[in-house]
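> Mind folding the following:
(one chain, ligands or ions: 2)
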Amino acid sequence: MSIPDGPPSLLKRRVDHIRLRDLFCDTVRKVSPLEGDRIRIELDDRIAGDKLNLVDRSPLHATLEGPAITAGEATAVPPLSVVMLIVGSRGDVQPFIPIAKRLTRDGHRVRIASHSVFRDFVEAHGIEFFPLAGDPRELMEYMVMTGGHLIPRHVHQLLEQVPRKRAVMAEILASTWAACTEPDPGRPGAQTFVADAVIANPPSQGHIHVAEALGAPLHIMFTMPWSPTRAFPHPFVHVISEAHPALRNRISFEAFDLLTWLGIGDLVNEFREQRLGLERVHGEHGASIIHEHAVPHAYLWSPSVLDKPDDWGPEIDVTGFVFLDEAARFDPPGPLQEFLGAGEPPVYVGFGSCPAPDPVALTATIFGGLAQAGVRGLVSRGWAHLGAASVPPQVHLVDELPHDWLFPRCAAVCHHGGAGTTAAGLRSGLPTIVVPFFGDQYFWGRIVSEAGAGPTPVPIGALTAETLAEAIRFALRPEVRDHAVALGQKVRTQRGDEDGVASFYRHLPLSTMRCSLDPAHLARRQCEECCLSLCLVCDRVVHEDAARAGHRRRPCAPVAWEVSKSSPLERVERALIGQLGAREPDEPKPGVTSRHDTGAVLREDSVAAKLYGRLAPISVDAATRARILQRFEFARGRTQSSARGSGD
Ligand SMILES: [Zn+2]
Ligand SMILES: [Zn+2]
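Numbers count the residues shown, from 1 in each chain. Ligands and ions are numbered 1, 2, ... in the order given. This is a model prediction of the structure:
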């Protein structure tokens with residue numbers, strides 16, 4: 001078996017993951033909750049210390065960039081029904097709106113599937129919606145209840161909350177499949193929908209499984225790093241070890257994926273078997289499926305803020321932040337305008353949708369910090385329900401406002417460090433104080449501080465009037481302001497929505513998606529006798545002719561994921577039971593190109609074949625029929641002459 005040069009094969013990637021997972025399992029001494037919904041992992045350095053070779057063996061692929069897609073190519077992508085599966089907060093949904101709009105402009109039908117609280121938000125932008133299970137507010141409140149920890153600290157929380165969370169996860173998984181295949185239940189009489197392509201964020205969990213069931217291309221898009229690297233740690237994991245940082249960082253991703261899989265792997269397998277008609281994923285390799293199969297990714301942050309690490313492959317793009325511009329539609333209330341006009345630009349303070357355990361105390365802290373720093377403040381109420389009966393004269397309270405309107409009128413921003421708010425502050429060239437509550441907020445706080453655009457982050461637990469005032473004074477230093485302004489200039493030149501869509505197009509398996517008779521059609525059936533992949537219309541026209549009516553055609557899909565049928569152990573087993581010397585079975589369609597060489601022929605009784613068969617027949621006028629037949633004759637001529645050529 002040969003392992004090709006260039007991007008590592010599926011097997012090579014899998015072996016890397018197995019080795020690092022084994023190392024983690026051999027060296028882990030303690031896993032414990034860390035403030036802000038993160039985990040702390042302690043390693044035994046007597047074993048971990050000398051294993052750096054495990055990461056140094058990883059290939060460098062920074063130079064292996066995929067080709068840039070041109071505007072002309074984009075128009076040749078067949079019109080697709082695209083589903084976007086997004087589990088998370090409003091900040092997680094927001095960047096998908098400009099991307100959905102951009103795809104719609106290119107002629108695709110796009111549906112955003114997320115928690116039902118976001119229906120109005122999505123539909124207000126003229127985008128189709130589908131409700132996923134789960135309530136982001138409940139998940140946030142759960143974290144507050146467990147003291148900001150993913151792992152409950154008390155037995156009663158364990159007994160009540162973990163089964164509840166797992167039940168919600170099972171509902172979310174089931175709803176990701178409905179989102180790909182059912183009409184919107186909130187709109188009676190809504191049009192049928194079957195996804196041709198899946199865009200998803202990692203917490204949606206159903207992503208690769210629904211894509212496999214449909215034989216559809218999958219593209220992961222996310223606002224924080226979720227792909228293993230030796231350059232920085234997983235945003236949710238803190239590894240305690242003396243081992244080399246490259247090893248610690250790489251292990252942090254492996255550990256997070258493994259712990260997640262241990263928590264929900266059985267639910268995922270139930271989902272695969274019972275809903276999708278797929279085989280189970282065996283062992284713990286479910287933890288790293290996405291990485292092993294080199295699923296294309298678009299990470300939606302600015303490379304000027306965090307560059308793409310050199311050990312991420314060509315399937316991963318870092319595109320730039322995505323902004324949803326709302327300033328033009330915003331009518332500022334009179335009192336706000338008066339406040340802004342009455343003095344120096346204020347410092348904005350707001351913690352988005354993070355609930356505060358004690359809003360009264362937090363409000364007093366914020367007012368105190370602003371007063372001690374001697375600055376005017378704009379304080380957002382948010383889900384923290386901040387506010388007080390008596391608001392000092394140098395402070396003005398606001399509700400949720402478009403950041404692109406508000407931030408250019410401020411001197412600095414102080415927020416929780418959500419990816420979207422961080423991006424909005426940096427785009428406006430503002431010094432940024434991050435007060436992290438959960439998860440990736442700590443990560444973004446560190447990134448901003450390392451970029452020189454703000455002070456060291458002040459976690460919510462350490463926020464006092466004094467620490468806030470000190471952070472504000474730091475943020476307003478001239479050199480910090482200069483760094484922030486310079487960063488803002490770079491961020492403003494990048495277009496995450498354009499680049500995110502380009503990334504999606506670039507990684508589409510167009511060769512297996514296109515109808516042989518017209519690249520603008522989506523292939524749905526393969527005819528062995530014609531040697532063609534045809535869209536439903538061309539298939540009908542070509543095979544209406546009595547001479548070809550008996551041809552055997554089979555439903556097809558663009559991608560053969562074969563997630564569960566690719567265990568390297570199976571190969572060893574086959575070898576051991578005497579098939580040595582027989583033809584080496586094909587590498588199970590690895591990589592961004594070869595996986596897509598042939599696409600998938602679907603079993604007639606498969607879920608996907610039944611769904612595609614259900615699509616409404618399209619009427620064909622005489623001119624279209626004539627054009628299709630002309631192309632068919634041309635294509636047949638080409639096939640016959642090449643067959644003659646090879647026979648000589
Ligand atoms: Zn045929
Ligand atoms: Zn066609």
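> how about the residues of this structure near ligand 2?
On the criterion CB under 5 Å from the ion, ligand 2 has as its neighbours in the chain the residues 515, 517-518, 521, 535, 538. Just so you know, the C-beta spots here come from the backbone N, C-alpha and C atoms, and that holds for glycine as well.
> Helices - which of the residues you listed land there?
Among the residues of the chain next to ligand 2, the members falling in helices are Cys538 (criterion: DSSP state H).
> Turn the residues of the chain next to ligand 2 into CSV, including pLDDT, neighbour count and distance to Gly91.
Shown next, in CSV, are the residues of the chain next to ligand 2 (pLDDT from 0 to 100; neighbours: other CB atoms under 10 Å; distance: CB to CB, whole Å):
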residue, pLDDT, neighbour count, distance to Gly91
Cys515, 92, 23, 39
Leu517, 93, 25, 44
Asp518, 90, 17, 41
His521, 90, 21, 38
Cys535, 92, 23, 39
Cys538, 94, 28, 43
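> so of the residues of the chain next to ligand 2, which ones are in strands?
Counted as lying in strands by DSSP state E, out of the residues of the chain next to ligand 2, are 515, 518, 521.
> Could you pull up the contacting residues of the second one?
By that I understand Asp518. Going by CB atoms under 8 Å, 6 or more residues apart in numbering, Asp518 touches 535, 538, 628, 631.
> Next, format these as CSV and append distance to Asp621.
Output for the contacts of Asp518, formatted as CSV (distance: CB to CB, whole Å):
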residue, distance to Asp621
Cys535, 16
Cys538, 14
Ile628, 11
Arg631, 16
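> Looking at these, which is nearest ligand 1?
The shortest gap between ligand 1 and any of the contacts of Asp518 belongs to Cys538, at 10.3 Å (CB to the ion).
> show me the residues around the residue lying closest to that closest one once chain neighbours are set aside that make contact.
In space, not counting the residues next to it along the chain, Cys538 is nearest to Leu517; the distance is 4.7 Å by CB to CB, 6 or more residues apart in numbering. Neighbour list for Leu517: 532, 534-535, 538, 542, 628, 631-632, 635 [criterion: CB under 8 Å, 6+ apart].
> mind checking how far Leu517 is from Ile618?
Leu517 sits 15 Å away from Ile618, going by CB to CB, to the nearest Å.
> Check which element follows the one helix or strand Lys490 maps to along the chain.
Counting by DSSP states H and E, the secondary-structure element that holds Lys490 is helix 478-493. The C-terminal neighbour of helix 478-493 among helices and strands, as given by DSSP H and E, is helix 496-506.
> I'd like to know which elements that following helix is packed against.
With contacts defined as 3 or more CB pairs under 8 Å, 6 or more residues apart in numbering; DSSP states H and E, the packing partners of helix 496-506 are helix 71-75, helix 96-105, strand 218-222, strand 297-299, strand 316-318.
> and with 6 Å instead?
The contact analysis (3 or more CB pairs under 6 Å, 6 or more residues apart in numbering; DSSP states H and E) places helix 496-506 against helix 96-105.
> What's the first helix or strand after the helix it packs on?
For helix 96-105, the following helix or strand on the C-terminal side (DSSP H and E) is strand 109-115.
> Pairing partners for that following strand, with directions?
Under the criterion DSSP bridges, strand 109-115 sits next to strand 81-85 (parallel), strand 128-132 (parallel) in its sheet.
> how about a markdown table for those, with distance to ligand 1 added?
Supplementary listing: the strands paired with strand 109-115 in a markdown table, determined by distance: least, CB to the ion, whole Å:
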| stretch | distance to ligand 1 |
| --- | --- |
| strand 81-85 | 26 |
| strand 128-132 | 35 |
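> Ser288 is nearest to which of those?
Among the strands paired with strand 109-115, the nearest to Ser288 by CB to CB is strand 81-85 (19.6 Å).
> what's in contact with the closest one?
Strand 81-85 is contacted from outside by 96, 103, 108-113, 176, 179-180, 195-200, 204, using CB atoms under 6 Å, 6 or more residues apart in numbering.
> Distance from the chain centre to it, please.
Counting by CA atoms, centre = their mean, to the nearest Å, strand 81-85 is centred 12 Å from the centre of its parent chain.
> If we go by neighbour counts, what in that strand is buried?
Neighbour-count burial for strand 81-85, counted by 16 or more other CB atoms under 10 Å, picks out 81-85.
> List just the nearest of the residues you listed to Asn53.
For Asn53, the nearest member of the buried residues of strand 81-85 is Leu85. The distance, counting by CB to CB, is 37.8 Å.
> quick one: that closest one from Val198, how far?
Between Leu85 and Val198 the distance, using CB to CB, works out to 7 Å.
> give me the low-pLDDT residue ranges for the stretch 301-450 of the chain?
Segments of the stretch 301-450 of the chain classed as low confidence (criterion: pLDDT under 70) are 353, 383-389.
> which residues in it form helices?
If DSSP state H, counting those that start in this stretch is used as the criterion, the helices of the stretch 301-450 of the chain fall at 334-341, 359-373, 403-406, 419-427, 440-450.
> ok, and which of the ones you listed has the densest surroundings?
Each of the helices of the stretch 301-450 of the chain was given a mean neighbour count from mean count of other CB atoms under 10 Å, and the largest, a mean of 26, is that of helix 419-427.
> circling back: so which of the helices of the stretch 301-450 of the chain is nearest ligand 1?
Evaluated with CB to the ion, the helices of the stretch 301-450 of the chain place helix 419-427 nearest to ligand 1, the distance being 49.9 Å.
> any idea of the angle that closest one forms with strand 218-222?
Between the axis of helix 419-427 and that of strand 218-222 there is an angle of 60 degrees, by axes from the mean of the first three to the mean of the last three CA atoms, to 10 degrees.
> tell me the angle helix 419-427 makes with helix 440-450.
Regarding helix 419-427 and helix 440-450, their directions subtend 20 degrees when assessed with the same axes, to 10 degrees.
> which strands and helices sit next to helix 419-427?
With contacts defined as 3+ CB pairs under 6 Å, 6+ apart, helix 419-427 has these neighbours: helix 478-493.
> For the helix it packs on, name the packing helices and strands.
In this structure, helix 478-493 packs against helix 419-427, with contacts taken as 3+ CB pairs under 6 Å, 6+ apart.
> Surely Ala246 touches Arg230?
Yes: the pair Ala246 and Arg230 passes the contact test of CB atoms under 6 Å, sitting 3.7 Å apart.
> which of these two has more neighbours?
The residue with more neighbours, out of Ala246 and Arg230, is Arg230; 21 against 17, by other CB atoms under 10 Å.
> which residues sit in contact with the more buried one?
Neighbour list for Arg230: 55, 246, 249-250, 311 [criterion: CB under 6 Å, 6+ apart].
> Could you work out the most separated pair of those residues?
Asn249 and Asp311 (9.9 Å).
> ok, and the closest non-adjacent residue to Ser304?
For Ser304, the nearest residue in space outside its immediate sequence neighbours is Lys490; the separation is 4.0 Å by CB to CB, 6+ apart.
> Tell me, what's the model's pLDDT at that neighbour?
As predicted, Lys490 sits at a pLDDT of 93.
> export stretch 185-202 as CSV, just CAs?
Output for stretch 185-202, consisting of C-alpha atoms alone and laid out as CSV, is shown next (Å, rounded to 0.1, in the frame of the first residue of the first chain):
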residue,chain,number,x,y,z
PRO,A,185,-43.0,22.6,10.6
GLY,A,186,-43.6,26.2,11.5
ARG,A,187,-44.9,27.1,8.0
PRO,A,188,-47.9,24.9,7.0
GLY,A,189,-47.7,24.1,3.3
ALA,A,190,-44.0,24.9,3.1
GLN,A,191,-42.0,23.6,0.2
THR,A,192,-40.3,20.2,0.4
PHE,A,193,-36.6,20.3,1.1
VAL,A,194,-33.8,17.8,0.7
ALA,A,195,-30.3,19.0,1.3
ASP,A,196,-27.8,18.7,-1.5
ALA,A,197,-25.0,20.1,0.7
VAL,A,198,-24.5,20.5,4.4
ILE,A,199,-22.8,23.4,6.2
ALA,A,200,-22.5,22.9,9.9
ASN,A,201,-20.8,24.1,13.1
PRO,A,202,-19.1,21.4,15.2
